[in-house]
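# sequence isn't available, so here's the structure alone:
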């Protein structure tokens, strides 16, 4: 990978001062309404005025011993990012929450973070108000509305876009560098950064994504597998032309080579669609495809400059190149730890400078990283460890299977039986059991004896996944226990 110089300084300074982006360069564009655009000069002004507004409203106190926290509960919109930067510039901490979160999930964050406010949108306002009524900890509600270009303190009905402007603190030292700015809950190559315009498309609006890719000169697409799948199955996919698209990266969950290749074929500029890898605890991504080079489709690219990686066996010893193990990573964007009380399990994730990712994988001789599964998702059968992904890949080659996931059915003796949940192609109900039996026997022919589906196979309408496309294995393990004693299944 090209060597990159790591900028030092606080985020607002790097974004608004130490680069050559023109003042009238559009930074954020609302794809739903092309007229809603924020350029660099407007963004800087908004950040300063909003920072002053948060301070004067008492939502972010100056030099507080314990920095004030504001929870972000909003979909992407142009005012989203000026608000984030303003809270940081004012000296506060931004904590994230999916805007579609349930009230229980939101209240959990409130109980841990004790925020001064929740920053929501018109769409998530009702949820914020419900949480406000139920929460034991009091907080204010702030509503951002990019249509009206307004940020409103709901309790006082006053705007937070102040007439005054607060200059952020430009001091920089080791203590400031390690100060928390963002709390996230987990489930140009040289010189100054180059200016880019970011088009914000709601993930649920695939029609808008298609038209944006078609109308605008989009050079870089960052997305997740479910969105990519909906894109390539869209009615207009075959006729869609994306001549400007040079890079497409997909992350958060595994993306099949077939899906990557389908997008790559549409990229007439000579680029590729490939996978990246990262973690919430790493701030963003730790690997990327090498620009201009086609890496292995199953890989997630190579390490970004500044990061270090090692692959370790169960006892923590480093394994040789090409051997599978748990991925340990260290780098400048790694979190310092988890907010609040760290239990024993969380403390075990940090080993000296290293963060244990929980992901299994290996690095090949060319430096490409491959992810093969999750440590906690491994199935333990008669002392052997079984990777669900390996069995899933076999099952998905069966002609009657659309999707599949494999978990361990836990027995009283501690053993776990590999158990499959499959989404079948459309067929008569009376044929389902026969197909399941065939899938079990088909799998047995293609895997080692200890990897066979001894827990059986079940037909389901859908594989439960989160919004990023990650399989909810925990839910499936519960379902396997519930179904094992009372539902007809195909098994060995």
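Structure's in. What do you need? Keep in mind that what you see is a predicted model, and the values were worked out from it rather than measured.

# just list whatever residues bridge to residue 386.
Beta-bridge pairing for residue 386 (DSSP bridges): residue 379.

# how many residues are close by it?
23 (other Cβ atoms under 10 Å). (Each C-beta comes from the backbone N, C-alpha and C, glycine too.)

# quick check, it in contact with residue 449.
No. Because the distance of 11.1 Å does not satisfy Cβ atoms under 8 Å, residue 386 is recorded as not touching residue 449.

# which helix runs longest in this structure?
With secondary structure taken from DSSP state H, the chain has its longest helix at helix 40-56.

# just the buried positions in that one, please.
Across helix 40-56, burial judged by 16 or more other Cβ atoms under 10 Å covers 40, 42-56.

# min pLDDT across the residues you listed, which one?
Among the buried residues of helix 40-56, residue 40 has the lowest pLDDT, at 87.

# who's in contact with that residue?
Applying Cβ atoms under 8 Å, 6 or more residues apart in numbering, we find residue 40 in contact with 16, 21, 22, 23, 24, 25, 27, 195.

# with residue 167 instead?
residue 48 are the contacts of residue 167 under Cβ under 8 Å, 6+ apart.

# relative to residue 422, how far out is it?
59 Å (Cβ to Cβ, to the nearest Å).

# C-terminal to the lowest-mean-pLDDT helix or strand in the chain, what's the next element?
Lowest by mean pLDDT, DSSP states H and E among the helices and strands of the chain is strand 198-200, with a mean of 60. Sequence-wise, the next helix or strand downstream of strand 198-200 (DSSP states H and E) is helix 206-215.

# tell me how far that next one lies from the chain's centre.
Remark: helix 206-215 is offset 22 Å from the chain centroid, using Cα atoms, centre = their mean, to the nearest Å.

# now do the buried residues in it.
Those buried within helix 206-215 under the rule 16+ other Cβ under 10 Å are 206, 209, 210, 212, 213.

# for the first one, which non-adjacent residue is closest in space?
Counting by Cβ to Cβ, 6 or more residues apart in numbering, residue 230 is the residue found nearest to residue 206 once chain neighbours are left out, at 4.8 Å.

# same check, this time on the last one
If you skip the residues right next to it in sequence, residue 213 has residue 242 as its closest partner in space, 5.3 Å away by Cβ to Cβ, 6+ apart.

# give me the element the one you found is part of.
Using DSSP H and E, no helix or strand contains residue 242.

# surely it and residue 214 touch.
Yes. Counting by Cβ under 8 Å, residue 242 touches residue 214, with 7.4 Å between them.

# contacts only, for the nearest residue to residue 236 once chain neighbours are set aside.
Nearest residue to residue 236, sequence neighbours excluded (Cβ to Cβ, 6+ apart): residue 210, at 5.5 Å. Residue 210 is in contact with 231, 234, 236, 237, 240, counting by Cβ under 8 Å, 6+ apart.

# any chance of those residues in JSON lines, with pLDDT and neighbour count too?
JSON lines is the format used below for the contacts of residue 210 (pLDDT from 0 to 100; neighbours: other Cβ atoms under 10 Å):
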{"residue": "231", "pLDDT": "88", "neighbour count": "21"}
{"residue": "234", "pLDDT": "89", "neighbour count": "14"}
{"residue": "236", "pLDDT": "89", "neighbour count": "12"}
{"residue": "237", "pLDDT": "89", "neighbour count": "15"}
{"residue": "240", "pLDDT": "86", "neighbour count": "15"}
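
# so which of the residues you listed is the closest to residue 351?
Nearest to residue 351 out of these is residue 231 (Cβ to Cβ; 39.6 Å).

# sec struct for that closest one, please.
helix (DSSP: H, G, I helix; E, B strand; the rest coil).

# wait, residue 432 sits on residue 457?
No. Assessed by Cβ under 8 Å, residue 432 is found out of contact with residue 457, at 10.3 Å.

# for the two, indicate the residue with more neighbours.
The neighbour comparison of residue 432 against residue 457 (other Cβ under 10 Å) goes to residue 457, with 27 against 17.

# remind me which helix or strand the nearest residue to the more buried one once chain neighbours are set aside belongs to.
Using Cβ to Cβ, 6+ apart and skipping residues adjacent in sequence, the residue nearest residue 457 is residue 420, 4.2 Å away. Using DSSP H and E, residue 420 maps to strand 416-424.

# what does residue 434 give?
If you go by DSSP H and E, residue 434 is part of helix 432-446.

# got the angle for that helix vs strand 416-424?
130 degrees (axes from the mean of the first three to the mean of the last three Cα atoms, to 10 degrees).

# which secondary structure elements does helix 432-446 contact?
Where contact means 3 or more Cβ pairs under 8 Å, 6 or more residues apart in numbering; DSSP states H and E, helix 432-446 is packed against helix 388-395, strand 416-424, strand 456-459.

# roughly how far out does the longest one sit from the chain middle?
Okay, so that is strand 416-424. 26 Å.

# tell me, what residue is most central in the protein?
Closest residue to the average C-alpha location of the chain: residue 252 at 4.6 Å, with Cα atoms, centre = their mean.

# so how far is residue 405 from it?
Going from residue 252 to residue 405 by Cβ to Cβ gives 16 Å.

# related to what we said a few turns ago, could I get the helices and strands packed on helix 432-446 as TSV with distance to residue 436?
Shown next, in TSV, are the helices and strands packed on helix 432-446 (distance: least, Cβ to Cβ, whole Å):
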stretch	distance to residue 436
helix 388-395	11
strand 416-424	7
strand 456-459	5
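
# so what strands line up beside whichever strand or helix holds residue 328?
Counting by DSSP H and E, the element that carries residue 328 is strand 325-330. When pairs are called by DSSP bridges, strand 325-330 turns out to pair with strand 308-312 (antiparallel), strand 354-363 (antiparallel).

# would you turn these into a markdown table with mean pLDDT and distance to residue 483?
Shown next, in a markdown table, are the strands paired with strand 325-330 (pLDDT from 0 to 100; distance: least, Cβ to Cβ, whole Å):
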| stretch | mean pLDDT | distance to residue 483 |
| --- | --- | --- |
| strand 308-312 | 93 | 36 |
| strand 354-363 | 90 | 27 |
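
# what would those strands look like in CSV with distance to residue 319 and mean neighbour count?
CSV is the format used below for the strands paired with strand 325-330 (distance: least, Cβ to Cβ, whole Å; neighbours: other Cβ atoms under 10 Å):
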stretch, distance to residue 319, mean neighbour count
strand 308-312, 5, 17
strand 354-363, 8, 19
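
# so which of those comes closest to residue 87?
strand 354-363 (25.7 Å).

# next helix or strand past the closest one?
According to DSSP H and E, the helix or strand after strand 354-363 is strand 369-374.

# what angle sits between that following strand and helix 388-395?
90 degrees.

# which residues does strand 369-374 contact?
254, 277, 287, 296, 298-303, 309, 324, 327, 358-364, 387-390, 473.

# write a ChimeraX command that selects only the buried members of those.
A single ChimeraX command selects the buried members of the contacts of strand 369-374 (16+ other Cβ under 10 Å):
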select :254,277,287,298,299,300,301,302,303,309,324,327,359,360,361,362,363,387,388,389,390,473
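
# and residue 112, how many neighbours?
The tally of other residues near residue 112 (other Cβ under 10 Å) stands at 17.

# name the helix or strand for it, please.
Per DSSP H and E: helix 103-113 holds residue 112.

# for that helix, give the mean pLDDT please.
The pLDDT scores in helix 103-113 average 88.

# in it, what's buried?
Judged by neighbour count (16+ other Cβ under 10 Å), helix 103-113 contains these buried residues: 106, 107, 109, 110, 112, 113.
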